[in-house]
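> I'll drop the sequence and a predicted model, then ask my questions.
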There are 2 protein chains.
Amino acid sequence: MSDQAEERIERMVELARAGDLRSFVREAHDYEAADLADVLGRLEESERVAVVRALPPELSSQALAEMPEDAHAEETLAALDPEQAAEIVEELEDDDAADILRELDAETKEHILQAVEDRIEVERLLRYDEETAGGRMTTHLVTVRDIATTTEALDEIRRQSEEVEEFYQVFVVDGQRRLVGVLPFKAVVVNRPDRMVREYMSEADIVVRPETDQEEVARLMARYNLPSVAVVDEGGRLLGRVTIDDVIDVVEAESTEDLLKFGGVSPDEELAAPWTDAVRSRLPWLTVNLLTAFLAGGVVYLFQETVQRTVALAVWMPVIAGMGGNAGTQALAVTVRRLALGLIPSDRLVRVVGKEVLVGITNGLAIGILVGIVASLLGEGPGLGMVVFLAMTGNLLVAGFAGAFIPVVLERFGVDPAIASSIFVTTFTDVCGFLLLLGLAGWLLF
Amino acid sequence: MSDQAEERIERMVELARAGDLRSFVREAHDYEAADLADVLGRLEESERVAVVRALPPELSSQALAEMPEDAHAEETLAALDPEQAAEIVEELEDDDAADILRELDAETKEHILQAVEDRIEVERLLRYDEETAGGRMTTHLVTVRDIATTTEALDEIRRQSEEVEEFYQVFVVDGQRRLVGVLPFKAVVVNRPDRMVREYMSEADIVVRPETDQEEVARLMARYNLPSVAVVDEGGRLLGRVTIDDVIDVVEAESTEDLLKFGGVSPDEELAAPWTDAVRSRLPWLTVNLLTAFLAGGVVYLFQETVQRTVALAVWMPVIAGMGGNAGTQALAVTVRRLALGLIPSDRLVRVVGKEVLVGITNGLAIGILVGIVASLLGEGPGLGMVVFLAMTGNLLVAGFAGAFIPVVLERFGVDPAIASSIFVTTFTDVCGFLLLLGLAGWLLF
């Protein structure tokens, strides 16, 4: 965020904290919804409720809709009296209204909905899962008949557009409201007044079903550069549209999820969650990790005698295992990302794994020679040097293999490779690293 | 991708491989540009060139523009004769043309540009850095004068839209082509024919400069739900526009970069790079890691005598260090993501670090008690159990602190926290883990 935007937001936060709601409301008209949402997000719950009470519903609704999910706009809504909450809900686009109401308990939701005039529309959206096209779509859209002329279409657009906040495409439907095409504005504007829409509309090649996952919707829109995509039922009837601004949020959220999963955090952990939630989200994963750490410790346990005889091996243990973990994570990051973007066709799996093995062995030789020399010079002589060299090279080869092979196999079995891979890969490199180092030492040094 | 799309793409790949270019070209008209780009991406270079030669330029240009950056569309272009390459460039949107030409060597670029009719426009875009608003913008846009009436504006839009492929907004300019507002279509359609545009246009609050970084542009458009954003020079004159479909690619690319950085891979490594490039990208990072691994090994070196006396400590070393690394990575993933999304105001740093310390010590107590009991039972008695318990709890506390504190400090000093943090965090947890385990053992056990 620019410093200027930051300053403007802070000024409003101070007005609200000082309780100067009159100035707050006067100034609020000059703010974009996203900025007002930031202001609300920085306030304490009681201050936020006071501000939302004071703002006219057309402003408070926009600001609440722009608040990130984990800022819990629904709690603010629940703190108002149902009539005022309903006024705000009525100002919202139906998809935004459904998103907020979905988070409320049944009783509060019912209380608010009773006072909402177009509750049927919102309730229909509430039936869809939040993370699907149905949950993301708005039912507000502009349609024209396929048999309309350009002039008739323009009249129709003019009439309907009063109900619709913003739109980038017009949908063409037949007499049963089945989607038959889409109409960019340009087509309406440049075509002769008496030509029929059907003659120059584009085909609606890409549509989604309400149950389509939101990530799939985002991928389609990005891939085919669509400003909005139609949602249709099994009979091809138009139900709603998902617009690009909903999708950008999905891509952002996905990016967060991917990084959290990669870091071994539950993707459901809200970034601003209280510490007790964070413990609940992370402890199970740490426990699983502990079991695999015991595996690595178990290998050392088997070789205790070897370590006792050459205690310098204990010095090299963290070096060999750590480097293997790092190299494995590198291969893993590249492979997980290639899988996520669909860049690995199924007939190239062997090539993908082969490449990472090649990278692993090359880096292994380079790093291995270096540590081998250091180990030789540090007192235990060329025997230990050779062991460290072989263990390092071998472990980086294993790291390349595991970093590419494990996510590919997990994806094959329908397991999300981002979340489960890193634990397998580091277990692999720890266990193999210790086996190589201590096993080779037992074999070559005594 | 759906199975059906996958099948369609494979069919075209087979046609091209079989050399049946006549069927290929006939079928190509039914394909979306993104799908054709996938087909091209799966072919060998020689097959790709043959296909592009055979396709009409309006199809080949779209397909080349949709190819991902690391598929090197420019190499295919360079393999054509300059006249045919120029025909393709002329069919491209100017920003796509600049993106491809930018990758070529000066001589080939000049050869092709000599045959391009509107070379001035493309050359102007070539002057901007690829990853800025200037590099991403197209100069093709629709403008109306502020003093036009609705009818005049519609005529103007009609006239200009023949030159512009797709557009979601009309820009309003004054006599010096300074941007004074934007006009959603809806406004043009619903307003009376004799009203002046100036009276109902929206203010152009959010604009960018050509040198603005593309990530900043993406963030602004996502934040304020803009379908396109105007690029203006220092005098406020309209230079071009960046559209939302360019920005989705940026967000996707950023997501890749973040995961690669987190995994310790250079964000410049192309996902499909040959293995030698991957070695070059990753070896430096592994070398840096080696130095920090030596630090951890050095701690063990100092305590060799302790390990010699209680070799069971060697069994617990990887467990303590590994768990610390995992817990630190968890805290790091959450903190890096919060920083990237601007969710940590500078007055809350202490709270953010405090929360992670609290999470760390809680998880540390839980895991610590568990491993302490296991260690007691595994033969060395309650003394070792106590040492392992304290070392584990302490190390997870350190992990929480390091995972939150290090990225926050790096960001303060203008260093990208995503790329440098993980190495510091795991060094921290390795070194502290060994110090705690071996130091406490030396103190408590003998």
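Received the coordinates, thanks.

> could you check the angle the helix-or-strand element of chain A with minimal mean pLDDT makes with helix B:244-262?
The helix or strand of chain A with the poorest confidence is helix A:244-262; it has a mean of 77 (mean pLDDT, DSSP states H and E). With axes from the mean of the first three to the mean of the last three C-alpha atoms, to 10 degrees applied, the angle from helix A:244-262 to helix B:244-262 works out at 10 degrees.

> and helix A:244-262, what does it pack against?
Using 3 or more C-beta pairs under 8 Å, 6 or more residues apart in numbering or on different chains; DSSP states H and E, the elements in contact with helix A:244-262 are helix A:133-136, helix A:214-223, helix A:312-340, helix A:417-444, helix B:214-223, helix B:244-262, helix B:312-340. Where you see a C-beta, it was placed from the backbone N, CA and C, and this is true even at glycine.

> now it, how far from the centre of its chain.
From the chain centre to the centre of helix A:244-262 is a distance of 2 Å (C-alpha atoms, centre = their mean, to the nearest Å).

> and if you look at stretch A:377-386?
Distance, centroid of stretch A:377-386 to centroid of chain: 49 Å (C-alpha atoms, centre = their mean).

> likewise stretch A:65-83?
With C-alpha atoms, centre = their mean, you get 22 Å for stretch A:65-83.

> buried ones in it?
A:65-68, A:71-74, A:76-80, A:82 (16 or more other C-beta atoms under 10 Å in any protein chain shown).

> please apply the same query to stretch A:98-105.
So for stretch A:98-105, counting by 16+ other C-beta under 10 Å, buried means A:98-104.

> can you redo the residues you listed as a markdown table with distance to residue B:33 and pLDDT?
A markdown table is the format used below for the buried residues of stretch A:98-105 (distance: C-beta to C-beta, whole Å; pLDDT from 0 to 100):
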| residue | distance to residue B:33 | pLDDT |
| --- | --- | --- |
| A:98 | 34 | 89 |
| A:99 | 33 | 87 |
| A:100 | 38 | 89 |
| A:101 | 39 | 90 |
| A:102 | 37 | 88 |
| A:103 | 39 | 87 |
| A:104 | 43 | 89 |
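
> pick the one among those residues closest to residue B:128.
Among those, residue A:99 lies closest to residue B:128 (C-beta to C-beta), at 38.1 Å.

> which residue packs closest to that closest one, ignoring adjacent ones?
residue A:130 (6.8 Å; C-beta to C-beta, 6 or more residues apart in numbering or on different chains).

> do I have it right that the one you found meets residue A:102?
Yes. With contact defined as C-beta atoms under 8 Å, residue A:130 and residue A:102 form a contacting pair (5.8 Å).

> how about residue A:192, secondary structure?
coil (DSSP: H, G, I helix; E, B strand; the rest coil).

> thinking again about what came up before, let me know the secondary structure of the residue nearest to residue A:99.
Of the three states, residue A:130 takes coil under three-state DSSP.

> distance check, it against residue A:228.
From residue A:130 across to residue A:228, the span is 19 Å (C-beta to C-beta, to the nearest Å).

> nearest to residue A:108, out of the helices and strands packed on helix A:244-262?
The nearest among these, by C-beta to C-beta, is helix A:133-136 at 19.6 Å.

> what sits against residue A:244?
Residues near residue A:244 by C-beta atoms under 8 Å, 6 or more residues apart in numbering or on different chains: A:168, A:221, A:226-228, B:227, B:244, B:248.

> please apply the same query to residue A:277.
The contact partners of residue A:277, by C-beta under 8 Å, 6+ apart, come to A:269-270.

> let me know the pLDDT of it.
Note on residue A:277: pLDDT of 86.

> so which strand or helix has it?
Assigned by DSSP states H and E, residue A:277 belongs to helix A:275-302.

> tell me which residues in that helix are buried?
A:275, A:278-279, A:281-283, A:285-286, A:289-290, A:292-294, A:296-297, A:299-301.

> thank you, goodbye.
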